[in-house]
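**Q** Would you be able to build a 3D model of this:
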Amino acid sequence: MPMMQAAAEVPTGPEGSATELAGGPLKDLGNVSANCAELLFSPRKLPLSPTKGFGNPQKGCRSPTKGLEQWQVLRNLPLSPANPEDNYELSDQDCSEGDEAAEAQRRSKKHVPRWCENYLEVLQKQAGMDPDTIFGGRVPFAELNEIFTDDLYASVGKSRPKRARGSSGNWAKDPLRFDECSAYKRKLGQTKGWMADLENMPLANQGFLAGLAAGGRPLPTPARSGAAASSE
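**A** Next comes the predicted model:
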């Protein structure tokens, strides 16, 4: 399933038009922060998220944004139950190559999910999206001594090698900087942040976003060139 479609999956809620939604939780969200929703969901270029330096969980790229990052907002949105209509059945591949017509006939009878109709177009639109705004940009630190324990070595009749990690596995002295991450993303054209589709978002999730602001947890705001980003 295309990335943005998967990211936009949310539980079903009460039906409502855009006019009706504006009078619900979004109204409270606007009272808490006049420009917060516009900044968070506008199509402007949002700030690039950082990527941690490998081998060192304390150093790496730093983001100038305050409050929750976009991927944290996305992770907090509850997902709807899996929809069987989104599945595409995979057939067992027959080794014979002379029955292509029969296979094509069987394939034509399969259920084709709606997302298959325009997934290439959707993927093309996502080409400039920064994946860190969906998955996060901080790589969890992997402690190899905890993964490959002494007991594990002993169970296979081996002993732990006594050698220091080489420079390829330890970037503590040369972590990635924020400007390096930003330059890399600009080179790939991945400069657009994930944005919620407010018009099609159920009331339950709009209420959740409103609660973040009302509860004193600031929503992420993009940095503006020439002016300080609002932290309200």
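
**Q** ok, now how distant is L77 from W71?
**A** 11 Å (CB to CB, to the nearest Å). The way it works is simple: take the backbone N, C-alpha and C, and place the C-beta from them, glycine included.

**Q** Actually, S155.
**A** From S155 to W71 the distance is 38 Å (CB to CB).

**Q** Kindly report the same for S168.
**A** 28 Å.

**Q** more crowded one of these two?
**A** W71 (22 against 8; other CB atoms under 10 Å).

**Q** got the contact list for the closest residue to D130 other than its chain neighbours?
**A** The shortest distance from D130 to any residue other than its chain neighbours is 4.7 Å, reached at Q190 (CB to CB, 6 or more residues apart in numbering). Contact analysis of Q190 by CB atoms under 8 Å, 6 or more residues apart in numbering lists G128, M129, D130, P131.

**Q** surely the first one meets W194?
**A** No. Counting by CB atoms under 8 Å, G128 stays clear of W194, with 11.7 Å between them.

**Q** For the chain, give me the ranges with low pLDDT.
**A** For the chain, the stretches flagged by pLDDT under 70 are 1-67, 93-98, 169, 195-232.

**Q** please redo it, this time with the cut-off set to 90
**A** 1-82, 88-110, 122, 125-127, 129, 131-146, 159-178, 181-182, 191-232 (pLDDT under 90).

**Q** Which stretches in it count as helices?
**A** In the chain, the helices defined using DSSP state H lie at 3-7, 18-22, 25-32, 36-41, 70-76, 100-108, 119-125, 132-135, 144-147, 150-155, 178-188, 203-214.

**Q** neighbour count winner among G128 and W194?
**A** Higher neighbour count among G128 and W194: W194, with 23 against 13, using other CB under 10 Å.

**Q** could you measure the more buried one against I134, distance?
**A** Taking CB to CB, one finds W194 at 5 Å from I134.

**Q** do the same with W71
**A** W71 is 6 Å from I134, by CB to CB.

**Q** Quick check: neighbours shared by those two?
**A** By CB under 8 Å, 6+ apart, the residues touching both W71 and I134 are W194.
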